[in-house]
Structures are given as C-alpha cells and as structure tokens.
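**Q** after the sequence you'll find the predicted model.
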Amino acid sequence: MKIAVVAQHATPLTPRADGTPRPDDTGLSELTRALARQGHRVTVYAQKHHPDVPDYAELSDGVHVEHITAGPVGKPGDAGLLARVPAFSKPLRARLQREQPDVVHAIRWTSGLAALAAVQGMDIPVVQSFSSLGVEERRDHAVTAQATERFRLEPAIGRSADAVVAASSAVASDLTRLGVPRKLVRYVPCGVDTETFAPEGPAAERNGRPRLLTAADLTERAPLETLLRALTRIPDAELMVVGGPAKERLARDTAYQGLAGLAGSLGLTDRVIFTGAMARESMPALLRSADVVLSTCSYDPAGLTSLEAMACGKPVVAPPTGGHVDAVVDGTTGILIPPGQPALLAHRIRQLLAHPMLMEAYGVAAADRAQSRYSWDRIATETVAVYDGAAA
C-alpha cells in the first residue's frame with residue numbers, strides 16, 4: 001500500500017532546541033517505521049519550518065519525508081498553521097496527483113484541512129487522526145477558550161473524512177458527541193518502542209534511597225508543587241525531575257528557580273534532583289532506575305512517558321486524564337489519582353514503597369500490557385485496518 005501521511009505541524013527531522021522529542025514527532029516516526037516494516041511505502045508531507053532541512057529526505061527504510069514551503073520558515077502555532085493551509089495544500093495536491101497514494105492519513109486538524117482540500121475530485125480516501133481535541137483540552141484546562149477556530153473545525157473535519165482515528169477512548173467519545181458518525185471512529189492509541197523501552201537493560205546509578213521519577217514541563221508548576229508537597233510525607237524517598245532546559249542552563253531558568261526555591265522551603269533540597277533535559281536514549285536507563293514513575297501533567301493525550309515506564313516494568317501513578325485512562329489499569333499496572341491531592345498521593349506512594357512484592361507485580365503487569373497492547377507493530381496493524389475500511 002502507498003500511504004501519504006500529511007503532518008503539516010511536524011518536524012520529524014529536527015528535534016526541539018532542548019534535544020527532547022515532541023510526542024507527535026516520536027509517534028509519527030515510530031508509526032511510519034512500523035508501517036514500512038510491514039511492507040508499505042510511506043511518504044510524509046510536512047511544512048518546512050526550518051531553513052536547513054532538506055526538501056526530500058529518507059526518515060528510515062521505506063519512509064520518505066517531503067518538506068513543503070508554505071510561507072516564511074519558523075514554527076508557527078495553530079493560528080499560523082491554519083493561515084498557511086492554502087499555501088500548503090496547493091503543492092500537496094500536485095504531489096498527490098503525481099504519486100497517487102492508496103490512502104491519505106492526516107495528523108492533527110490543520111493537516112486534515114490541507115488533506116481534504118488537496119484530494120478534492122480525486123478518488124483517494126482520507127483518514128484523520130486526533131490525538132486530542134480542543135474541547136477535551138479546554139475541559140482539562142490545557143488550551144484557552146479563545147481557540148474558537150479549532151473547536152469549530154475539528155468536528156467538521158471528522159465528519160468529512162472517510163475514517164477517523166482517535167488516540168484515546170475519551171477522544172472517541174467526544175467525537176461522537178460532536179456529531180462525527182460512530183461508524184467512522186476507530187480507537188487506535190499511541191504506541192511505545194518495546195525494544196528500546198524494556199525491563200531488561202542497564203539502569204542509571206542509584207544512591208540507596210527509594211526513587212520516584214517524573215518527566216515534566218517545569219512551567220506546569222501546580223502539579224509539580226503537588227508532587228513536592230507529597231514528598232514531604234514520604235520519608236527517605238528522593239524525587240528525580242526530568243525536563244526543562246539543559247542542565248547547564250537550569251540555574252538561569254525562572255521555572256526551575258521557583259521550584260527549587262519551593263523544594264528548599266519544604267526542606268527537600270537534598271531529596272530532589274533536577275536533571276534538566278535528557279536525551280531520549282538516556283530515558284530507558286533512568287526509568288529502570290526508578291521504583292515508581294509519576295505523571296504530573298494536567299493533561300497528556302498520549303501518556304508517552306507513562307507508556308515508556310510501563311514498558312520498562314515500572315508501576316505508574318498518574319491522573320485519570322488523557323491517555324492514562326486507557327493505558328494505566330488502576331490497581332493492576334499502576335494507580336490513578338485525581339490531581340491536586342498531595343496527602344492522597346503520598347499515602348498511595350507510601351503503600352507501594354512499603355510492599356516491594358506489590359510493586360513488582362504492578363511492574364510485571366505493566367510490562368506485559370505495554371508489550372501486548374501498545375507495541376508499534378500492533379498499532380501499525382490496527383492503523384492499516386482503518387485504511388482498508390476507509391478505502392472500502
């Protein structure tokens with residue numbers, strides 16, 4: 001099958017300045033690789049956001065990237081991407097006419113607009129992916145109420161596509177409530193690299209204390225404050241916070257300064273480790289070194305770090321939002337706890353740390369669930385089934 005993946009927003013060849021991958025870019029790269037391993041030919045069409053990226057490149061065996069210039073370079077937000085949809089879709093249409101793919105798969109809503117415009121009059125089915133929806137993010141306070149164009153257009157895009165992929169059960173439910181026919185919607189979650197992230201392998205050095213680990217955006221202060229206050233109730237445990245700018249730039253970062261100051265005022269300075277940004281290849285060893293991995297995100301549509309921790313055989317404690325609701329089986333692979341409750345969070349973590357056999361059981365179940373449900377080969381197979389249904 002010849003597959004055209006439209007990802008106007010993506011930068012699959014260029015990581016962020018801090019070296020950490022975007023979840024969308026990671027998922028795009030892993031999915032297309034898995035599709036290619038199954039014998040499909042994949043071309044990714046992305047907008048050219050950086051002047052030094054090539055117009056044509058090979059992302060991996062069987063996966064090519066074509067960058068389309070649609071206005072000045074630079075990574076715009078949703079409003080900027082929306083404004084450039086006409087300039088992006090016109091050359092996209094010319095390329096699709098030349099290549100004649102069997103299916104077009106659009107990632108995120110502006111890509112869906114571009115794809116639907118590009119295939120007008122052409123007998124090519126369009127599959128639309130939503131990792132999250134504006135209404136869902138607004139409900140979880142992850143997007144402002146001013147994003148009116150997105151709220152209005154996402155349902156229309158879903159109704160116009162031949163099939164819709166929802167990355168979580170919450171997104172699937174929201175789509176049907178917004179008027180997208182239920183028969184068009186398929187739940188296919190984000191996957192995890194179960195070869196790189198696995199229980200077996202080297203672990204980062206430990207210092208004898210129970211270790212809690214979170215990968216967090218330091219600017220999301222409220223959930224990190226909850227975690228620091230919970231730590232005051234968990235004697236002897238240390239907290240490793242992965243994220244933010246590179247370690248050498250941490251001291252000048254205002255978000256870090258505020259959190260470090262709070263840790264000091266709570267008497268936690270010697271028990272909180274801020275690592276700064278870490279390269280992706282360092283994450284498996286860090287995750288394996290932890291006793292419990294915590295998610296502090298107020299909203300995480302994919303729950304990528306939690307999936308990676310589960311694949312490494314670690315129990316996960318997370319809020320019941322986004323991808324965590326589907327990935328974490330409460331009381332089996334981890335614990336779901338409402339945000340903003342440091343006393344409850346501390347109590348449940350203490351229970352885990354006090355029962356090593358329970359933690360081990362959670363970890364075994366977590367690794368099994370990640371391997372059986374979230375491997376990229378399975379996700380690719382389910383995605384191809386959506387393509388076949390759309391073509392039919």
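**A** Noted; the coordinates are in hand.
**Q** pretty sure residue 234 sits against residue 347.
**A** No: using C-beta atoms under 8 Å, residue 234 makes no contact with residue 347, being 9.3 Å away. C-beta coordinates here come from the backbone N, C-alpha and C atoms, glycine included.
**Q** how about residue 64: what's its closest non-neighbour residue?
**A** residue 43 (5.0 Å; C-beta to C-beta, 6 or more residues apart in numbering).
**Q** could you look up the SS state of that neighbour?
**A** Under DSSP: H, G, I helix; E, B strand; the rest coil, residue 43 falls in the strand class.
**Q** that one is in contact with residue 6, isn't it?
**A** No: counting by C-beta under 8 Å, residue 43 sits too far from residue 6 to count as a contact (9.7 Å).
**Q** higher neighbour count, these two?
**A** Applying other C-beta atoms under 10 Å to residue 43 and residue 6 shows that residue 6 carries more neighbours, namely 32 against 21.
**Q** what sits opposite that one in the beta ladder?
**A** Taking DSSP bridges, one finds residue 45, residue 106 as the beta-bridge partners of residue 6.
**Q** restricting to C-alpha, output the longest helix seen in the chain in CSV.
**A** Among the segments of the chain that qualify as a helix by DSSP state H, the longest is helix 356-373. Output of helix 356-373 as CSV, limited to C-alpha atoms (Å, rounded to 0.1, in the frame of the first residue of the first chain):
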residue,chain,number,x,y,z
PRO,A,356,8.0,-4.5,47.2
MET,A,357,6.1,-7.6,46.0
LEU,A,358,3.1,-5.4,45.1
MET,A,359,5.4,-3.0,43.1
GLU,A,360,7.0,-6.0,41.4
ALA,A,361,3.5,-7.4,40.5
TYR,A,362,2.5,-4.0,39.1
GLY,A,363,5.7,-3.8,37.1
VAL,A,364,5.2,-7.2,35.6
ALA,A,365,1.7,-6.4,34.6
ALA,A,366,2.7,-3.0,33.2
ALA,A,367,5.4,-4.5,31.0
ASP,A,368,3.0,-7.2,29.7
ARG,A,369,0.3,-4.6,28.9
ALA,A,370,2.8,-2.4,27.1
GLN,A,371,4.2,-5.3,25.1
SER,A,372,0.8,-6.8,24.2
ARG,A,373,-1.3,-3.7,23.6
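**Q** low pLDDT regions in the chain?
**A** Applying pLDDT under 70 to the chain flags the ranges 14-24, 139-147, 298.
**Q** could you list the domains of it?
**A** Under the assignment automatic domain parsing, the domains of the chain span 2-191+375-391, 211-373.
**Q** of the ones you listed, which approaches residue 202 most closely?
**A** Smallest distance to residue 202 across the domains of the chain (C-beta to C-beta): 5.1 Å, for domain 211-373.
**Q** chain center to that closest one, what's the gap?
**A** Offset of domain 211-373 from its chain centre (C-alpha atoms, centre = their mean, to the nearest Å): 16 Å.
**Q** ends of it, what's the gap?
**A** 27 Å (C-alpha to C-alpha, to the nearest Å).
**Q** quick one on the thing from earlier: show me what the following helix or strand past the longest helix of the chain is packed against.
**A** Downstream of helix 356-373, the first helix or strand assigned by DSSP states H and E is helix 376-391. When contacts are defined as 3 or more C-beta pairs under 8 Å, 6 or more residues apart in numbering; DSSP states H and E, helix 376-391 packs onto helix 23-37, strand 103-107, strand 126-130, strand 163-166, strand 185-187.
**Q** ok, and what's touching helix 376-391?
**A** With contacts defined as C-beta atoms under 8 Å, 6 or more residues apart in numbering, helix 376-391 is touched by 1, 3, 30-31, 33-35, 37-38, 40, 102-103, 105, 125-127, 161-163, 165, 186, 188-194, 372.
**Q** which among those count as buried?
**A** 3, 30-31, 33-35, 40, 102-103, 105, 125-127, 161-163, 165, 186, 188-194 (16 or more other C-beta atoms under 10 Å).
**Q** flag every buried residue along stretch 230-243.
**A** Under 16+ other C-beta under 10 Å, the buried positions of stretch 230-243 are 230-231, 234, 237-243.
**Q** could you dump it to CSV, C-alpha only?
**A** Extracted C-alpha coordinates of stretch 230-243, given in CSV (Å, rounded to 0.1, in the frame of the first residue of the first chain):
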residue,chain,number,x,y,z
ALA,A,230,3.5,14.9,48.7
LEU,A,231,7.3,14.2,49.0
THR,A,232,7.4,15.8,52.4
ARG,A,233,5.1,12.9,53.6
ILE,A,234,7.3,10.2,52.1
PRO,A,235,10.3,9.9,54.3
ASP,A,236,13.7,9.0,52.8
ALA,A,237,12.5,8.9,49.2
GLU,A,238,14.1,11.0,46.5
LEU,A,239,12.4,12.6,43.5
MET,A,240,14.1,12.9,40.1
VAL,A,241,12.6,15.6,37.9
VAL,A,242,13.5,15.1,34.2
GLY,A,243,12.8,18.1,31.9
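**Q** which residues are in contact with that stretch?
**A** Residues contacting stretch 230-243 (C-beta under 8 Å, 6+ apart): 20, 207, 209-218, 224, 227-228, 259, 266-268, 271-278, 283, 286, 290, 342-343, 345-347, 349-350, 353.
**Q** where do the strands sit along the protein?
**A** For the chain, applying DSSP state E gives strands covering 2-6, 41-47, 56-60, 63-68, 103-107, 126-130, 163-166, 185-187, 211-215, 238-242, 272-276, 292-294, 316-318, 334-336.
**Q** which parts of the stretch 101-250 of the chain are helices?
**A** 109-118, 134-139, 148-160, 169-177, 221-231 (DSSP state H, counting those that start in this stretch).
**Q** which residues are in contact with the longest one?
**A** What that stands for is helix 148-160. 78-79, 82, 106, 109, 112-113, 116, 126, 128, 130, 133-135, 138, 143, 164, 175, 178-181, 184-185.
**Q** gap between the residue nearest to residue 350 when sequence neighbours are not counted and residue 279?
**A** Nearest non-adjacent residue to residue 350, counting by C-beta to C-beta, 6+ apart: residue 234, 5.8 Å away. Relative to residue 279, residue 234 is positioned 29 Å away (C-beta to C-beta, to the nearest Å).
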